[in-house]
Every structure is written in structure tokens, then in C-alpha cells.
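> Fold the stuff below for me.
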Amino acid sequence: MVEAFCVQDLSSEDLTIYNRVLDIVVEVSNHNRDELQMDSNIDDLGIIGMDADDLIEKVALEFNADFSTFDFGKYCAPESIFDFTYGSRSPLLIEDLFNAAKNKVWSDPPPREPKQKTSSEAIEDWLKFGLGVGAIYGLLRLFKTIH
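Numbering: from 1, shown residues only. Sure thing, here's the model as predicted:
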């Protein structure tokens, strides 16, 4: 088992890096700083798609960190109301962004179990999917009657 970072154990230089990473996460997510911790999952913060891409880019630029080996699809949700990658993505934590910022290069973290949806989240996804299909069907029928 890998030991998690403890913010209190960070050097002053590392604490500066950590605080700047948190600033970037707050800027992208509009979450309160008090809600964020090293083990905060980017998915749980609602940072997906273009926002996740923006977050990675800002961390890379701020710290001159090389993210060329970062696999977006492995860690981040797509920009879509239908997320079929949910149970297969590895969690991306603030700790991972901190490590990339500190080391100036992205390194895949140790394997973690993907987060699984609760039954209510799965039902909600299927309802969204059904409503989306129904809306598309309705638009196609409307288009057909107009032409």
C-alpha cells in the first residue's frame, strides 16, 4: 500500500507548489479551497472534458511540467452527458498534479481502483441516455414532417 501525502509534512517549497496547484484547481472548478485535499479526485470535483484539459494545461504551464505522456482518456471524463468510461478510468487526484508540478514531469501514479457508480448514478445515466435518444428521435420526426 502506498502512503498518502500529508500536507503538514511538506517542506515550505513543496507547500508553495501545493498551494499554487490548489489555486489552479479552484480557478478551474470554482470549489472552495477548504473542500480540496491531496486525495481529492478530479472527477468528484466535476472537472471533466475541456475543464480537465484546461486544468492539465495550466499546471503544465505554471510549473513548466512535461505532460507529454499524460493519457487524457485514462484519467479524465469526456465532454459529454453520456460518460461510458466512468468505471474504467483511473482516478486523477490533486496529489498526482502536485507530483507532476514538483517533479516537472507527469508520471503515472500507482494503479488505483476506478470509482464505481452507485445504483442511483447508473439509473440517472440511463435516464439521461433515454431522454437524449428520445429527443433525437423527436427531432428526426419533426425534420421529416417539415421536408
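
> Not counting sequence-adjacent ones, nearest residue to the residue nearest the centre of the chain?
Among the residues of the chain, the one closest to the centroid is Ile42, at 3.5 Å (Cα atoms, centre = their mean). Closest residue to Ile42 apart from its sequence neighbours, by Cβ to Cβ, 6 or more residues apart in numbering: Leu92 at 4.4 Å. Bear in mind the C-beta positions are built from the backbone N, C-alpha and C, glycine included.

> Need phi/psi at that neighbour.
When read as degrees, to the nearest 10, the backbone of Leu92 gives phi -110, psi 120.

> do the same with the one 10 residues further on
Backbone geometry at Lys102, expressed as degrees, to the nearest 10, gives phi -70, psi -40.

> Ok, the one 3 residues further on next?
The main-chain torsion angles of Val105 are listed as degrees, to the nearest 10 and equal phi -160, psi 140.

> what do you get for Leu93?
Dihedral angles for Leu93 - degrees, to the nearest 10 - are phi -100, psi 160.

> Now for it, how many residues are close by?
22 (other Cβ atoms under 10 Å).

> The one 4 residues further on too?
In terms of burial, Leu97 registers 28 neighbours under the definition other Cβ under 10 Å.

> Perfect, I'm done here.
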